[in-house]
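1. Build me a model:
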Amino acid sequence: MTTLAIGIMPQDKIRERALAIARGDYKPKSGEPKIWFTSMKSLAEVLSDDNRALLRVMKEMNPESISALALATGRTPGNLSRTLKTMSNYGIVDLKRVNNHVRPIARATAFRIIAA
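-> Residues are numbered from 1 along each chain as shown. Have a look, this model is predicted:
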């Protein structure tokens, strides 16, 4: 499993960077963050101790569904689903639809934080 690079930058700077990339004025270098947070606080909420432990369980267990992961972790499926959806929005977790259930897949359990 790879280490994900995560950046912290104010929203206006993230927007400027994205527009520069879209215009072709800036080409991101290899190893630069693809996941951005606007503050250390928002990063800490998404990558809390509990959520990093959840990612490790996902990596070790390779659950077939959110329900199976809920049983293994003791978390309620609704709470777990919201957490996984948030992590998915940031690109930390993939949620793959398989038949009639959703399979959570951790993209990383290690992170490199870059504060700009």
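
2. ok, now how distant is the residue sitting furthest away from the middle of the chain from Glu16?
-> The centre of the chain is farthest from one residue, Asp25, which by Cα atoms, centre = their mean lies 27.3 Å away. As judged by Cβ to Cβ, to the nearest Å, Asp25 and Glu16 stand 10 Å apart. Using the backbone N, CA and C atoms, a C-beta is placed for each residue, glycine as well.

3. How about the residue most central in space within the chain: what's its closest non-neighbour residue?
-> Closest residue to the average C-alpha location of the chain: Ile92 at 2.0 Å, with Cα atoms, centre = their mean. Nearest non-adjacent residue to Ile92, counting by Cβ to Cβ, 6 or more residues apart in numbering: Arg107, 5.8 Å away.

4. What's the local residue count around that neighbour?
-> Applying other Cβ atoms under 10 Å, we find 18 residues neighbouring Arg107.

5. Let me see the contact set for it.
-> Arg107 makes contacts with 1-2, 4, 91-94, as judged by Cβ atoms under 8 Å, 6 or more residues apart in numbering.

6. So, low pLDDT: which residues of this protein?
-> 1 (pLDDT under 70).

7. That one: strands as residue ranges?
-> With DSSP state E as the criterion, the chain has strands at 3-8, 35-37, 93-98, 101-106, 110-115.

8. Reformat these as CSV; add mean neighbour count.
-> Putting those into CSV (neighbours: other Cβ atoms under 10 Å) gives the following:
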stretch, mean neighbour count
strand 3-8, 17
strand 35-37, 19
strand 93-98, 12
strand 101-106, 18
strand 110-115, 13
